[in-house]
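In: Task: produce atomic coordinates for the following.
(chains A, B, C and D)
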Protein chains: 2
Amino acid sequence: MSGKPTRERILEEALDHFGTSGIDATSLDDIARGVGVAKQTLLYWFTSKEELVIAVLQRVADELVVEVGAAVRSAPHGFARVEAAVTAVFRPAVRRPALLGLVRELNRLSPELADAVVLRMKPLVDLAVAYLEAEMDAGRLRRADARLLMAFAYSTVVGVATEPVALRAVGWEPGVASLRKLRAELLAFLRAALAA
Amino acid sequence: MSGKPTRERILEEALDHFGTSGIDATSLDDIARGVGVAKQTLLYWFTSKEELVIAVLQRVADELVVEVGAAVRSAPHGFARVEAAVTAVFRPAVRRPALLGLVRELNRLSPELADAVVLRMKPLVDLAVAYLEAEMDAGRLRRADARLLMAFAYSTVVGVATEPVALRAVGWEPGVASLRKLRAELLAFLRAALAA
DNA sequence: GACCGTCTCTACCAAATGGTAGAGAAACTT
DNA sequence: AAGTTTCTCTACCATTTGGTAGAGACGGTC
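Out: Prediction:
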């Protein structure tokens, strides 16, 4: 029952457990059982739990950066590009909600790693902001506070993807359909704010 | 060093620790030290950690329901009332960010309690939706999907209040000022969608 | 065949944590 | 004054958890 190398399987199993049960509530044994190896095999590949956590988070951040970058670059200019970016950020949230839940625990677990992730993401955001402002200058988008819009959009994604209780209180069952509705609403808002 | 009764002080200290460090990462000893009593005093007032957690969450939910309810009822009709509701939901998030962080852990820790909280909040939301729709019927608000707007608004609050990493990636330092900016943006959106 | 690096395993340990047992103090009741 | 209730404390325990030590298996290389 292998296929993929052990290290890879550990990372995937760990992401799954961390995301659904939380990092603290996940023991190394839980992960090891899921992979089908002994706990000590984990500690061979990652010298400590913290190192495993960091590796998982690093991979998640990498995937996100790559995916969003690619989606954006392949879209035409103007508002369509904004739409592509939003959709790209929603995609991982829909496919693996566990993923976003992890970012939440980052600060508490390792402020240094949080700093690293911020350093990693910020250039991407800066690029997006610069792009939006250039488009505004060129008259292809209406003028607005691009940075504020990004914060607004991202907080929406994260909030809804990791807060099933809230969704249910509003009368929706958590799931892909709800996320899609919210994405549509968010895009409508951005279009109203930006589309020339 | 008392004033307030022990039970009360335990609840407050616990909320603080749970919110900032997470429930799992908070030991009964941590809370007891903060209050200035022995760990066993906690277990006298709450027979188990789970019971303490539930008590804390119950209190949080109660406060929120009461506060939002009062703020809304005392505001004039029309969009001003929507504004009052949003501000009321933001207020606890600003004053005690720990609070919202807790809701997140709800599902994992105790699905039954999560259900209870949902049952408690849903009528409030239903009331708000009914109010919005009545206002729409009366022509004082523009017609829109009220439930969708509530989900959108709430996810924004939660997302931003509990996601310092994301805020920093966007280029803001987490804090009251950032939350205020986002509240303003959210209100502008709602006004555009609703104001007649 | 001897050697070596890679990988996984079976014990084992020290620390932390939630929880129990039961005693002592203080205040109230009778 | 005696008894009872309320509240907080000092030990103590069982379990879990991250981590260590070290051995065995397997494949390639000399």
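In: any idea which helix or strand comes after the lowest-mean-pLDDT helix or strand in chain A?
Out: Lowest mean confidence among the helices and strands of chain A (mean pLDDT, DSSP states H and E): helix A:97-109, at a mean of 71. Following helix A:97-109 in sequence order, the next helix or strand is helix A:111-137 (DSSP states H and E).
In: Contact residues of chain A facing DNA strand C?
Out: Residues of chain A lying near DNA strand C by Cβ under 7 Å from any atom of the strand: A:Thr6, A:Val37, A:Ala38, A:Lys39, A:Gln40, A:Thr41, A:Tyr44, A:Trp45. To be clear about C-beta, it is placed using only N, CA and C from the backbone, and glycine gets the same treatment.
In: list the contacts for the first one?
Out: When you say that, I think you mean A:Thr6. Contacts for A:Thr6 (Cβ atoms under 8 Å, 6 or more residues apart in numbering or on different chains) come out as A:Val35, A:Val37, A:Thr41, A:Trp45.
In: JSON lines please, covering these and showing neighbour count.
Out: What follows is the contacts of A:Thr6, written out as JSON lines (neighbours: other Cβ atoms under 10 Å in any protein chain shown):
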{"residue": "A:Val35", "neighbour count": "21"}
{"residue": "A:Val37", "neighbour count": "17"}
{"residue": "A:Thr41", "neighbour count": "15"}
{"residue": "A:Trp45", "neighbour count": "16"}
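In: where do the helices sit along chain A?
Out: Ranges of helices within chain A are A:6-21, A:28-35, A:39-45, A:49-73, A:79-95, A:97-109, A:111-137, A:146-161, A:164-170, A:176-194, based on DSSP state H.
In: a markdown table for the ones you listed, including distance to B:Arg183?
Out: Listed next are these as a markdown table, based on distance: least, Cβ to Cβ, whole Å:
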| stretch | distance to B:Arg183 |
| --- | --- |
| helix A:6-21 | 29 |
| helix A:28-35 | 40 |
| helix A:39-45 | 44 |
| helix A:49-73 | 27 |
| helix A:79-95 | 21 |
| helix A:97-109 | 21 |
| helix A:111-137 | 21 |
| helix A:146-161 | 11 |
| helix A:164-170 | 17 |
| helix A:176-194 | 15 |
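In: Redo these as CSV? Include distance to DNA strand D.
Out: What follows is the helices of chain A, written out as CSV (distance: least, Cβ to the nearest atom of the strand, whole Å):
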stretch, distance to DNA strand D
helix A:6-21, 10
helix A:28-35, 4
helix A:39-45, 5
helix A:49-73, 4
helix A:79-95, 26
helix A:97-109, 12
helix A:111-137, 15
helix A:146-161, 25
helix A:164-170, 24
helix A:176-194, 31
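In: And these: which comes nearest B:Glu13?
Out: B:Glu13 lies closest, by Cβ to Cβ, to one member of the helices of chain A: helix A:97-109, at 17.5 Å.
In: Where do the domain boundaries of chain A fall?
Out: Residue ranges for the domains of chain A, per automatic domain parsing: A:1-47, A:54-194.
In: Can you flag the weakest of these by average pLDDT?
Out: Lowest mean pLDDT within the domains of chain A: domain A:54-194, a mean of 80.
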